[in-house]
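Peer 1: pasting the structure only:
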């Protein structure tokens, strides 16, 4: 058995051990996000479109830079839900009661609702720069290492290379490369976790993130 196969199997086994906790945390985050998404604020639109992107990534491609509009808590909740949606046992709308009706309402609200017609969200009490002393160093180190690994993968010619390439381009040229969130399911565990690390670094290094 090759070293690469042993490594892959070890990663899968370790991930499966963590999976129950990931699902519990993701469901709790989802239950916090849904009421926000059903409102009519700028934050609601970002969260609503994010949840629709997990429901149908091809129809609701998501601008990853819009995550910067969220408070730290809302941003982390989106990452928890995204992590839950990797290797999903069920689709995201099946995680909550009356999920089909909830997502139908989200589609009615956010399929065409223009942002200029919604209210501004009150300022978040916890912006990224306020958390710098606790988190910034570790986030930068992990994110930079993850970005370097993803960049190497993006230069290849595999299916995963295409997904990673579009993911990275969507962070650089957001309006031109809106991302299919469900494509992340096509990555191996390590690459997916690297994407999460890069998203977190991208958020916490933007001084305007978390502020309306």
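Peer 2: That came through fine. Since the structure is predicted, the reported quantities are computational estimates derived from the model, not experimental observations.

Peer 1: least trustworthy helix or strand in the chain by mean pLDDT?
Peer 2: Lowest on mean pLDDT, DSSP states H and E among the helices and strands of the chain sits helix 3-37, with a mean of 90.

Peer 1: In terms of pLDDT, where does residue 128 sit?
Peer 2: If you check residue 128, the pLDDT there is 52.

Peer 1: Then the one 4 residues further on?
Peer 2: If you check residue 132, the pLDDT there is 51.

Peer 1: Extract the residue ranges of this protein that are flagged as low pLDDT.
Peer 2: 1, 112-135, 174-175, 211-212 (pLDDT under 70).

Peer 1: what residues does stretch 146-155 touch?
Peer 2: By C-beta atoms under 8 Å, 6 or more residues apart in numbering, the list of residues contacting stretch 146-155 from outside reads 160-161, 164-165, 167-168, 190-191, 193-195, 197-198, 201. Heads up, the C-betas are built off the backbone N, CA and C, glycines and all.

Peer 1: List the buried residues of that stretch.
Peer 2: Residues of stretch 146-155 classed as buried: 146-147, 149-150, 153-154 (neighbour count, 16 or more other C-beta atoms under 10 Å).

Peer 1: which stretches of this structure form helices?
Peer 2: For the chain, the helices defined by DSSP state H occupy 3-37, 42-55, 72-84, 99-110, 137-154, 159-172, 189-204.

Peer 1: which residues does the closest residue to residue 179 other than its chain neighbours contact?
Peer 2: Of all residues not flanking residue 179 in the chain, residue 170 sits nearest, at 4.2 Å (C-beta to C-beta, 6 or more residues apart in numbering). Under the criterion of C-beta under 8 Å, 6+ apart, the neighbours of residue 170 are 63-65, 177-179.

Peer 1: again, but for residue 46
Peer 2: Residues in contact with residue 46 (C-beta under 8 Å, 6+ apart) are 66-67, 69-70.

Peer 1: Would you mind putting those residues into a markdown table with distance to residue 5 alongside?
Peer 2: Converted to a markdown table, these look like this (distance: C-beta to C-beta, whole Å):
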| residue | distance to residue 5 |
| --- | --- |
| 66 | 38 |
| 67 | 35 |
| 69 | 42 |
| 70 | 39 |
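
Peer 1: Please flag which of those sit within strands.
Peer 2: Among those, DSSP state E puts none in strands.

Peer 1: Tell me the buried residues in stretch 190-203?
Peer 2: Of the residues in stretch 190-203, 191-203 count as buried by neighbour count, 16+ other C-beta under 10 Å.
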